[in-house]
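Visitor: Generate coordinates for the sequence data below:
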Amino acid sequence: MAYINLEEGLYGIRGPMAFRPETAKPINELAEILLRNDNTLSRGERELIATYVSYLNDCFFCQNAHGALAQHYMQCDVQFLDSIKLDFNAMDISDKLKSLLAIAGSVQKGGKYVTPEQITHARELGATDKEIHDTVLIAALFCMCNRYVDGLNTPANPDRQYYINRGKMRAEEGYIDFDLYK
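Guide: Modelled structure (predicted):
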């Protein structure tokens with residue numbers, strides 16, 4: 001049960017967003033820019049960064065909601081994503097993406113955990129300044145969103161298939177003006 005009176009049936013961040021739509025608007029606008037706008041990182045890679053940080057923060061709702069979007073964009077299954085979360089270095093993803101996930105993992109611990117060596121390594125693997133910037137900001141945004149969701153003890157559907165079933169629809173709707181009740 002949520003710590004404050006949230007509308008029944010709205011899982012995760014959807015409940016607090018319905019509670020304070022004026023705060024939801026800038027959060028969703030930032031998510032739209034970072035996760036969906038044109039970028040040299042694919043939508044799937046950016047959703048994967050959000051998923052990984054949410055996993056590190058143990059936010060069940062966010063890691064599954066954004067994991068479903070990553071699955072949709074990357075055309076992979078949940079087992080592949082789970083394996084990336086557990087040990088991305090052992091997975092068949094680009095070395096550049098691995099370096100960005102390492103940076104995101106450092107941001108999750110705290111901004112000062114990002115090292116010059118991580119940035120140099122990412123650049124050596126082809127990461128641009130915009131990709132590094134966006135990785136850091138996605139990680140920071142999802143640390144905030146994870147704490148927003150879990151700090152209010154919002155309910156999350158425990159069935160991971162629920163999120164997978166919604167992935168395509170969420171990908172099509174985006175983050176601005178989406179229907180909280182769908």
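Visitor: CA atoms for contacts and neighbours, from now on please.
Guide: Will do.
Visitor: what separates Asp134 from Ala50, distance-wise?
Guide: The gap separating Asp134 from Ala50 is 11 Å, by C-alpha to C-alpha, to the nearest Å.
Visitor: Over to the residue nearest the centre of the chain. Which of the three states is it?
Guide: Geometric centre of the chain, nearest residue: Ala50, 2.1 Å, by C-alpha atoms, centre = their mean. What DSSP: H, G, I helix; E, B strand; the rest coil gives for Ala50 is helix.
Visitor: Report the buried residues of the helix or strand hosting Gln161.
Guide: If you go by DSSP states H and E, Gln161 is part of helix 160-173. By neighbour count on 16 or more other C-alpha atoms under 10 Å, the buried set for helix 160-173 is 160, 163-164, 167-168, 170-171.
Visitor: follow-up on the earlier one: wait, what's in contact with the residue nearest to the centre of the chain?
Guide: Neighbouring residues of Ala50 by C-alpha atoms under 8 Å, 6 or more residues apart in numbering: 63, 66, 138-139, 142.
Visitor: same deal with Ser54?
Guide: By C-alpha under 8 Å, 6+ apart, the neighbours of Ser54 are 60, 62-63, 142-143, 146.
Visitor: The same query, at a cut-off of 10 Å, please.
Guide: Contact analysis of Ser54 by C-alpha atoms under 10 Å, 6 or more residues apart in numbering lists 48, 60-67, 85, 105, 108, 139, 142-147.
Visitor: Check those residues for burial and list the buried ones.
Guide: Using 16+ other C-alpha under 10 Å, the buried ones in the contacts of Ser54 are 48, 60-67, 85, 105, 108, 139, 142-143, 145-147.
Visitor: Where helices are concerned, which of the residues you listed count?
Guide: 48, 60-67, 85, 105, 108, 139, 142-143, 145-147 (DSSP state H).
Visitor: now the helices for the protein?
Guide: Using DSSP H, helices in the chain cover 14-19, 21-35, 43-56, 60-74, 78-87, 95-109, 116-124, 129-151, 160-173.
Visitor: thinking Arg123 is in contact with His133, fair?
Guide: No - the pair Arg123 / His133 is not scored as a contact, 11.8 Å apart, by C-alpha atoms under 10 Å.
Visitor: Which one of these two is surrounded by more residues?
Guide: More crowded of Arg123 and His133, by other C-alpha atoms under 10 Å: Arg123, with 17 against 11.
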